[in-house]
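Enquirer: For reference, the sequence and a predicted model appear below.
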Amino acid sequence: MDRQGAHTYDRINVAIDGPAGAGKSTVARLVARKLSYIYVDTGAMYRAITWYLLREGIPSEEHATVDRMVHEMQIELIPGEDVQRVLINGEDATPHIRSLQVSGQVSQYSKIEGVRTLLSQLQRQMALRKGVVMDGRDIGTTVLPDAEVKIFMTASVEERALRRYKELKDTETVTLQQLEHDIAARDRLDEGREISPLRRAEDAVLLDTTKMDIDQVVEAIVSHCRTFVNGERNHS
Ligand code: DC
């Protein structure tokens, strides 16, 4: 029990990891809504930093400058029903973070140690009071290794590229082939980086969503969370 008399396992943390385009953010947002939890999109934080540094003309090779700038930055996450907003030094980065330019560069900035340390700390603080659904690449392994429920969501490269294509085709000049190429390249960078590479935590449930629709994936995760909470309750 905590000080309010509520069982601490009534609210749990849910970590959802997986490669680019697996549908994590859509699913995580809906899971959070169903459980009345807070959704934290950690990719949006890496993207916002990338957008800001690109605009300031700081190349990802300049690690010392990147480190200094991110430590001076004020990063705010504002949860919302549909879109979570990310502010950098008070400026709303949200409209820019899904551009092809940011998508193409974000893996380069997110492998820098100072960037990862800072964002991981912020993310841990957000989850201290539990009741958080957090998605990313290293949540179950590094950011929240004690999360009560861990999901590793994946899908084939072709299916992930098709999903991204549907999202982008009205706003960007892009081909399906290019997206398949970009996603495969991003997988290699995310899986191959030295610090906190993308990998499935040993205790994460593997969910291959290639042939599942969004509702089925959401239902599977919510039911897993409820089973966990009910199981804990029955053991007390
Ligand atoms: O989930 P996304 O596609 O919006 O993430 C964008 C990039 O951010 C991804 O290519 C790698 C990086 N990222 C990360 O390194 N660690 C996280 N926890 C989340 C994202």
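Expert: Received, thanks. These numbers come from a predicted model, not from an experiment. Numbering: from 1, shown residues only.

Enquirer: Report the beta-bridge partners for the spatially most central residue of the chain.
Expert: Central residue of the chain (CA atoms, centre = their mean): Gly136, 2.6 Å from the mean position. Gly136 has these beta-bridge partners by DSSP bridges: Asp17.

Enquirer: From Thr42, how far off is it?
Expert: 4 Å (CB to CB, to the nearest Å). The way it works is simple: take the backbone N, C-alpha and C, and place the C-beta from them, glycine included.

Enquirer: Mutual contacts of these two, please.
Expert: 123, 143 (CB atoms under 8 Å, 6 or more residues apart in numbering).

Enquirer: all strands for this structure, in order.
Expert: Here the chain has its strands, by DSSP state E, at 13-17, 38-41, 75-78, 85-88, 91-92, 132-136, 149-154, 205-208.

Enquirer: Could you export the ones you listed as TSV, including mean pLDDT?
Expert: Conversion of those to TSV gives the following (pLDDT from 0 to 100):
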stretch	mean pLDDT
strand 13-17	98
strand 38-41	95
strand 75-78	93
strand 85-88	96
strand 91-92	96
strand 132-136	96
strand 149-154	96
strand 205-208	95
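
Enquirer: In TSV, list those along with distance to Leu179.
Expert: Listed next are the strands of the chain as TSV, based on distance: least, CB to CB, whole Å:
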stretch	distance to Leu179
strand 13-17	21
strand 38-41	20
strand 75-78	27
strand 85-88	23
strand 91-92	26
strand 132-136	20
strand 149-154	17
strand 205-208	20
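
Enquirer: Out of those strands, which is closest to the ligand?
Expert: Minimum separation from the ligand across these (CB to the nearest ligand atom) falls at strand 132-136, 2.5 Å.

Enquirer: just how off-centre is that closest one within its chain?
Expert: Centre-to-centre, strand 132-136 and its host chain are 6 Å apart (CA atoms, centre = their mean, to the nearest Å).

Enquirer: Next: stretch 104-114.
Expert: The answer for stretch 104-114 is 14 Å, by CA atoms, centre = their mean.

Enquirer: contacts for that stretch?
Expert: By CB under 8 Å, 6+ apart, the list of residues contacting stretch 104-114 reads 43, 46-47, 49-50, 53-54, 60, 63, 66-67, 70-71, 115-116, 182, 186, 189-190, 193-195.

Enquirer: I'd like the mean pLDDT over it, please.
Expert: Taken as a whole, stretch 104-114 has a mean pLDDT of 94.

Enquirer: That stretch near the ligand at all?
Expert: Yes: judged by CB under 6 Å from any ligand atom, stretch 104-114 comes into contact with the ligand at 106-107, 110.

Enquirer: any idea which helix is longest in this structure?
Expert: Using DSSP state H, we find that the single longest helix of the chain is helix 214-235.

Enquirer: Mind listing what's buried along it?
Expert: 217-218, 220-222, 224-225, 229 (16 or more other CB atoms under 10 Å).
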